[in-house]
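> Whatever this is, show me its structure:
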Amino acid sequence: MIRRLVPSDAEAFATLRSASLADVPDAFAASPATDRFTNTDAVRELLDPAAPAPVLGAFRGDELVGAAGLFVPHHAKMEHKAVVWGTYVMPAARGSGLGEALMRALVDAARAMPGIDWVALDVSVTAAAAHRLYERIGFSSWGLEPDGLRVAGRSIDVHHMGLRL
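Below is the predicted model of the structure:
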């Protein structure tokens, strides 16, 4: 099941977020020690139903096994884009179709947001399966940023991708 996360999901989301940053550090700009969304109080605020952009969760039964969020840049000249962040599915749930269902639901959520014409995301070159998933959904790569991330002294290139709604 895919649904929008709400404040009562804060603890489960913070736990999943911590796991994601530890499991695939190459996939996130955030680090476990400094990420605010591993803090339950910050997550409750993020998941406020009045928030303008959603964070969606993928569930197996009652267990949160995946999540992805959207945000809209606060610059007037960029308010036509929603940006995907924090996409993660637990290893045990990968290959089940939940990741694709989650991303399709996130694109649908972006379509429902007034004024949004594009969805953008970044994906590291080390995340080939995620890159293929995004292409299957309709995202196109429009650029490759050399040395887009540095993790433990390693340089990681990052694909920039977009989907016109």
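> Give me the nearest residue to residue 121, chain neighbours excluded.
Of all residues not flanking residue 121 in the chain, residue 84 sits nearest, at 3.9 Å (CB to CB, 6 or more residues apart in numbering). (Glycine included, C-beta is placed from N, CA and C.)
> got a list of contacts for the helix or strand hosting the one you found?
Per DSSP states H and E, residue 84 falls inside strand 81-89. Here strand 81-89 makes contact (CB atoms under 8 Å, 6 or more residues apart in numbering) with 16-17, 19-20, 23-24, 27-28, 37, 53, 55, 58, 65-73, 98-99, 102-103, 106, 110, 113, 116-121, 130.
> filter the residues you listed to the buried ones?
Neighbour-count burial (16 or more other CB atoms under 10 Å) applied to the contacts of strand 81-89 gives 16-17, 20, 24, 27-28, 37, 53, 55, 58, 65-72, 98-99, 102-103, 106, 110, 113, 116, 119-121, 130.
> what packs against the least confident helix or strand in the chain by mean pLDDT?
Lowest by mean pLDDT, DSSP states H and E among the helices and strands of the chain is helix 40-46, with a mean of 90. With contacts taken as 3 or more CB pairs under 8 Å, 6 or more residues apart in numbering; DSSP states H and E, helix 40-46 sits against helix 10-23.
> now the angle between strand 81-89 and the helix it packs on, please.
Orientation of helix 10-23 against strand 81-89 (axes from the mean of the first three to the mean of the last three CA atoms, to 10 degrees) gives an angle of 80 degrees.
> Dump helix 10-23 to PDB, restricted to CA.
C-alpha atoms of helix 10-23 as PDB (Å, rounded to 0.1, in the frame of the first residue of the first chain):
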ATOM      1  CA  ALA A  10       7.100  10.200  12.300                       C
ATOM      2  CA  GLU A  11       8.900   7.500  14.300                       C
ATOM      3  CA  ALA A  12       8.700   4.900  11.600                       C
ATOM      4  CA  PHE A  13       9.900   7.400   9.000                       C
ATOM      5  CA  ALA A  14      12.800   8.600  11.100                       C
ATOM      6  CA  THR A  15      13.900   5.000  11.600                       C
ATOM      7  CA  LEU A  16      13.600   4.300   7.800                       C
ATOM      8  CA  ARG A  17      15.500   7.500   7.000                       C
ATOM      9  CA  SER A  18      18.400   6.500   9.400                       C
ATOM     10  CA  ALA A  19      18.500   3.000   7.800                       C
ATOM     11  CA  SER A  20      18.600   4.500   4.300                       C
ATOM     12  CA  LEU A  21      21.500   6.800   5.000                       C
ATOM     13  CA  ALA A  22      23.500   3.900   6.600                       C
ATOM     14  CA  ASP A  23      22.500   1.400   3.900                       C
END
